[in-house]
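> prediction below, plus the sequence it came from.
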Amino acid sequence: MRIMLLLSLLTLAGPAHAAAPTEIRFCLEDKAIYPLYNKPGLEDSKYPGILVEFARHVSRKHGVKLNLMRRPPTACRVLMKAGSVDAYGIVSYRTDREDWAVYPKLPDGTVDTRTIFKQSGYFLYSRQDKVLPWDGTNLGTLKGLRIGSSEGYSINEELKAAGASVETFKSVDAMYTRLMEKQLDGLALHSNRINKKLNMGLRKYEGPLKMNDYYFTFSKAFYENHKEFCEKIWKDSVMFEESAEGKKAMTGYESLDDFPRE
């Protein structure tokens, strides 16, 4: 009889992952990437970044405490894998990243592209005095060229596979200097990281090297314990910048080329 009563209580309680969390620990890179997030210490400024604004929107909407942590990308990934942080965003999908991140998935196991936070492309840049043979579609046209890029970019391996020589950097300024000194032929970057230097001797090529879909991701431990909550956040994240809340948050950023100096 006692066993039956216990089973009934467990059934009524439902699965453990049904409970909503009281807090979400969100890891962000320890540098500014416009317009996603401003540099550490400016999370409460007028322009904290659209991803910070999204995290706060989620926190208010679902009544959970938001704990923002600023760490280098590698550290965020290690903490995600260890379950020491709950969320990391935003990242494009790569199979090796499933070692530490949970992406929104369809029943067949493929990534649910309906839950994209935003789309962004990698573009090719060179000096104004040099024209690269980029045809807008085939990475093979860049074979043999020396291309600078940022550490961790998914485009890097694809450029290498196409025969380009890729050198990665932590600093955009460092790779820009190398390009201007003719030690690189081109750069592969997101526009928001380099466009402000277009009037400083840079040429931007039409047609992205690659378009990426970016997703809000959770740690395996957090997803296992709070699946229903995670599903709600993915629904909230769909093309956030185009949602009513996102457009309201983006208003102040649209007139800027970069975060203002505080």
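Perfect, thanks for sending it.
> quick one: Tyr215 is in a strand?
Yes. Assessed by DSSP: H, G, I helix; E, B strand; the rest coil, Tyr215 belongs to a strand.
> residue contacts, it?
89-93, 103-104, 111, 115-117, 234, 237 (C-beta atoms under 8 Å, 6 or more residues apart in numbering). No exception for glycine: its C-beta is placed from N, CA and C like everyone else's.
> how much space between it and Leu256?
Applying C-beta to C-beta, to the nearest Å, the value for Tyr215 to Leu256 is 25 Å.
> low-confidence stretches in this structure?
Within the chain, the ranges that satisfy pLDDT under 70 run 1-18, 192, 257, 262.
> do that again at 80, thanks
1-19, 152, 191-193, 195-196, 239, 254-258, 261-262 (pLDDT under 80).
> strands of that one, residue ranges please.
Secondary structure of the chain (DSSP state E): strands at 23-29, 65-71, 87-92, 118-127, 146-150, 165-169, 186-190, 202-204, 210-218.
> kindly reformat these as TSV containing distance to Lys81.
Output for the strands of the chain, formatted as TSV (distance: least, C-beta to C-beta, whole Å):
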stretch	distance to Lys81
strand 23-29	11
strand 65-71	13
strand 87-92	10
strand 118-127	24
strand 146-150	22
strand 165-169	22
strand 186-190	25
strand 202-204	36
strand 210-218	12
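> deepest of the ones you listed, which one?
strand 186-190 (a mean of 24; mean count of other C-beta atoms under 10 Å).
> just checking, what packs against it?
strand 118-127, strand 146-150, helix 155-161, helix 172-180 (3 or more C-beta pairs under 8 Å, 6 or more residues apart in numbering; DSSP states H and E).
> out of those, which gets nearest to Arg261?
Arg261 lies closest, by C-beta to C-beta, to one member of the helices and strands packed on strand 186-190: helix 172-180, at 15.7 Å.
> adding distance to Arg60, write the helices and strands packed on strand 186-190 out as CSV.
Formatted as CSV, those follow (distance: least, C-beta to C-beta, whole Å):
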stretch, distance to Arg60
strand 118-127, 21
strand 146-150, 32
helix 155-161, 35
helix 172-180, 33
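> and of those, who's closest to Thr74?
Across the helices and strands packed on strand 186-190, Thr74 has its closest neighbour in strand 146-150 (13.0 Å, C-beta to C-beta).
> residues near Glu98, how many?
14 (other C-beta atoms under 10 Å).
> contacts only, for the most centrally placed residue in the chain.
The centre of the chain sits closest to Ile90, judged by C-alpha atoms, centre = their mean, with a distance of 2.5 Å. Taking C-beta under 8 Å, 6+ apart as the criterion, Ile90 is in contact with Leu36, Leu51, Phe117, Lys118, Tyr214, Tyr215, Phe216, Thr217.
> look up how far Ile116 lies from Glu35.
Just to correct that, residue 35 is Pro rather than Glu. For Pro35, the distance to Ile116 - C-beta to C-beta - is 17 Å.
> check Thr74 too.
Relative to Ile116, and taking C-beta to C-beta, Thr74 is found at 25 Å.
> neighbour-wise, which of the two wins?
Ile116 (22 against 11).
> partner residues bridging the closest residue to that one other than its chain neighbours?
Once flanking residues are discounted, Ile116 sits nearest to Asp213: 4.5 Å by C-beta to C-beta, 6 or more residues apart in numbering. Note on Asp213: beta-bridge partners by DSSP bridges are Gln119.
> then the one 4 residues further on?
Going by DSSP bridges, Thr217 is paired in beta bridges with Tyr88.
> check contacts around it.
Met80, Ala87, Tyr88, Gly89, Ile90, Val91, Arg97, Ala101, Val102, Tyr103.
> now tabulate the contacts of Tyr215 in JSON lines and tack on distance to Gln128.
Shown next, in JSON lines, are those (distance: C-beta to C-beta, whole Å):
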{"residue": "Gly89", "distance to Gln128": "35"}
{"residue": "Ile90", "distance to Gln128": "32"}
{"residue": "Val91", "distance to Gln128": "33"}
{"residue": "Ser92", "distance to Gln128": "30"}
{"residue": "Tyr93", "distance to Gln128": "35"}
{"residue": "Tyr103", "distance to Gln128": "40"}
{"residue": "Pro104", "distance to Gln128": "42"}
{"residue": "Val111", "distance to Gln128": "39"}
{"residue": "Thr115", "distance to Gln128": "40"}
{"residue": "Ile116", "distance to Gln128": "34"}
{"residue": "Phe117", "distance to Gln128": "34"}
{"residue": "Trp234", "distance to Gln128": "43"}
{"residue": "Ser237", "distance to Gln128": "39"}
